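1. Got a sequence here, can you model it:
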Amino acid sequence: MLILKKFLRDVPAVLGLCIILMVCAIAIISPLVVPDLDSVYDGDLISRLQPPSAEFWFGTDALGRDVFARVIMGSRGALEVALTVVALAIGIGVPAGLYAGYTDGWGGQFVMRLTDVFLAVPQLILALAVAQLMGRGLGSAMAALALTYWPFFCRTVYGEVRRLRNALFIEAQQGLGASTSRILFVHVLPNVVSAVIVRATIGMGFTIMTTAVLGFLGIGATPPNPDWGLAIAEGREYLPQSWWGVTFPGLAILITVLGFNLFGDGLRDLVDPRLRRSR
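-> Predicted coordinates:
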């Protein structure tokens, strides 16, 4: 209850949570908001590049598709990609961090040196290189992002495990003859879950932004899928006259990423007050 009160006093974090809930609600009910999928995928050249109006709230793109419908349906794709990428990264990074943090052998050292190699290269550049090697498509972009994001979880878990492994309750379990797997997954992992959740929350926003960048560069989602980054890439050719084709997908990315970042910062303040941001 005390933690909840502290969180509710954090106005930016509450605002971020509200934004996340709003985006999730839009993604869930998007088929109801956009019952006519033809306006999302099929073009109507007669209605191309129409400005925002009562009929087309966000205007239409160069193929006559409803920008509002594509932005709404794009929210579902953005969240699905972010959840998948973060889940895969957790599945790789958390066990690797547990193993490297608890052991002192060459295996743990190898994991951390590999992690350092990945972290030495900016994730976006590395994701671009991996996605290019794997081929164009949303699946390749998701795999590339997962393969380049797991080191962040590994490094986070590694630091927490190194801090905990000499704690009294761990030494007590060792004295009782508990197996390494039991110590790691029953006693250590619950103590690092909060740090993983914070990293995952912030990672959701970063993944959405990076996915949009890949889509903008033509490596991620492919036409006619409703992707925010792809929509910006398609609409930039008609700037500045048809500004709506770029503005509304860009605002969707901005608001969604901002929500995850604000919420993630609030969770970080609760988990580790030493990292509390200045207000």
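2. alpha carbons only for contacts and neighbour counts from here, please
-> Noted.
3. measure the residue nearest to Leu83 when sequence neighbours are not counted to Ala25 for me?
-> Spatially, and ignoring its direct neighbours in sequence, Leu83 is nearest to Met204 (7.0 Å; Cα to Cα, 6 or more residues apart in numbering). Met204 sits 16 Å away from Ala25, going by Cα to Cα, to the nearest Å.
4. Comparing the two, which residue is more hemmed in?
-> Met204 (25 against 13; other Cα atoms under 10 Å).
5. So which elements touch the host helix or strand of the more buried one?
-> Element membership for Met204 (DSSP states H and E) is helix 189-216. Identification of packing neighbours for helix 189-216 by 3 or more Cα pairs under 8 Å, 6 or more residues apart in numbering; DSSP states H and E yields helix 67-102, helix 138-164, helix 228-235, helix 244-271.
6. Quick check: which ranges of this structure have low pLDDT?
-> 1-4, 35, 38-39, 272-279 (pLDDT under 70).
7. tell me the angle of the helix holding Met204 relative to helix 138-164?
-> With axes from the mean of the first three to the mean of the last three Cα atoms, to 10 degrees as the basis, helix 189-216 and helix 138-164 are set at 150 degrees to each other.
8. quick check: angle from helix 189-216 to helix 228-235?
-> 10 degrees.
9. Determine the three-state secondary structure at the nearest residue to Ala100 once chain neighbours are set aside.
-> Among residues not flanking Ala100 along the chain, Gly108 sits closest, at 3.8 Å (Cα to Cα, 6+ apart). When classified by DSSP: H, G, I helix; E, B strand; the rest coil, Gly108 comes out as helix.
10. Could you report the neighbour count for Gly108?
-> Gly108, neighbours per other Cα under 10 Å, totals 19.
11. Quick check, it in contact with Leu114.
-> No: judged on Cα atoms under 8 Å, Gly108 makes no contact with Leu114 at a distance of 9.9 Å.
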